[in-house]
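Trainee: sequence first, predicted coordinates after that:
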Amino acid sequence: MSGPLFLPDNTVLVNFARIGRMDLLELVAAGRSTWCYTVAQECAKSSRVTGLEQLSRAPQIFGEPLMLETTSEYRDTQAFRAQLSKPGDRASANLGEAESLAIITNRGLGATFVTDDNGALGFAITHSIKHLTTWDLLKLLVRAKKLGREDAWDYVVVLKGHHRRYMELRAQTSFFAWLESPLGLRYIP
């Protein structure tokens, strides 16, 4: 990974809080991660939900959130939000992703998006922004010997990853094979 890890939404944060392992996320973040103001606010709100209290640790992990600073960043945030939104979305939907994209592209951060949101992932791919998912982070932790592969599989099951559209997550054997491979996940629509 090069550049900072950038959290454009709450999805990965919530997953690590659900499994009670914000400590693992902190290991991966290792002082080289960031987030934007909207995501920090969303995280603070989510930390009041039963079972997600560990989210209150996120500010210590990700630091002071980045704020929009220029007219260009504000304008691009609105344009990106419009592109990400679907009919019927609430006004704040996709704001964290849009704000993050505006900051990354305007400041040339070379950041890696950390999200499980399919819309944000697709947008990152379209804009040539590197990306990682919860599953990629679990793989990094297993390969760094900070997490056992059986524990990683248990987290996939708890988070219902085995019911998602990734072939590698559907069974323990395919998950273990993927952990050993250099390949990314294959999304199956």
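Mentor: Cool, the structure landed.
Trainee: could you use CA atoms for every contact and neighbour count after this?
Mentor: OK.
Trainee: what does the pLDDT read for the residue lying closest to residue 176 once chain neighbours are set aside?
Mentor: Leaving aside its chain neighbours, residue 176 sits nearest to residue 149 (7.0 Å; criterion: CA to CA, 6 or more residues apart in numbering). pLDDT, residue 149: 96.
Trainee: residue 149 against residue 173, yeah?
Mentor: No: judged on CA atoms under 8 Å, residue 149 makes no contact with residue 173 at a distance of 10.9 Å.
Trainee: who's more crowded, these two?
Mentor: Neighbour count, other CA atoms under 10 Å: between residue 149 and residue 173, residue 149 has more, with 19 against 12.
Trainee: okay, which residue is most central for the chain?
Mentor: In the chain, the centroid-proximal residue (CA atoms, centre = their mean) is residue 115; its distance is 2.3 Å.
Trainee: element containing residue 183?
Mentor: Using DSSP states H and E, residue 183 is not contained in any helix or strand.
Trainee: look up how far residue 37 lies from it.
Mentor: Using CA to CA, to the nearest Å, residue 183 is found at 33 Å from residue 37.
Trainee: try residue 185
Mentor: Distance from residue 185 to residue 37, counting by CA to CA: 30 Å.
Trainee: what ranges do the helices span in this structure?
Mentor: For the chain, the helices defined by DSSP state H cover 11-18, 22-29, 37-46, 58-62, 71-84, 95-107, 118-126, 134-143, 149-158, 172-180.
Trainee: and this structure, what are its domains?
Mentor: Domain ranges of the chain: 5-132, 135-180, per automatic domain parsing.
Trainee: show the end-to-end separation of the last one, please.
Mentor: To tie it back to what came earlier, the one meant is domain 135-180. 13 Å.
Trainee: dump the helix or strand bottoming out on mean pLDDT in the chain to CSV, restricted to CA.
Mentor: Lowest by mean pLDDT, DSSP states H and E among the helices and strands of the chain is helix 118-126, with a mean of 81. The C-alpha trace of helix 118-126 is given here as CSV (Å, rounded to 0.1, in the frame of the first residue of the first chain):
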residue,chain,number,x,y,z
ASN,A,118,-20.2,-1.1,-3.8
GLY,A,119,-21.1,2.3,-5.1
ALA,A,120,-18.0,3.8,-3.5
LEU,A,121,-15.8,0.9,-4.7
GLY,A,122,-17.1,1.4,-8.3
PHE,A,123,-16.5,5.1,-8.2
ALA,A,124,-13.0,4.6,-6.8
ILE,A,125,-12.2,2.1,-9.7
THR,A,126,-13.6,4.6,-12.2
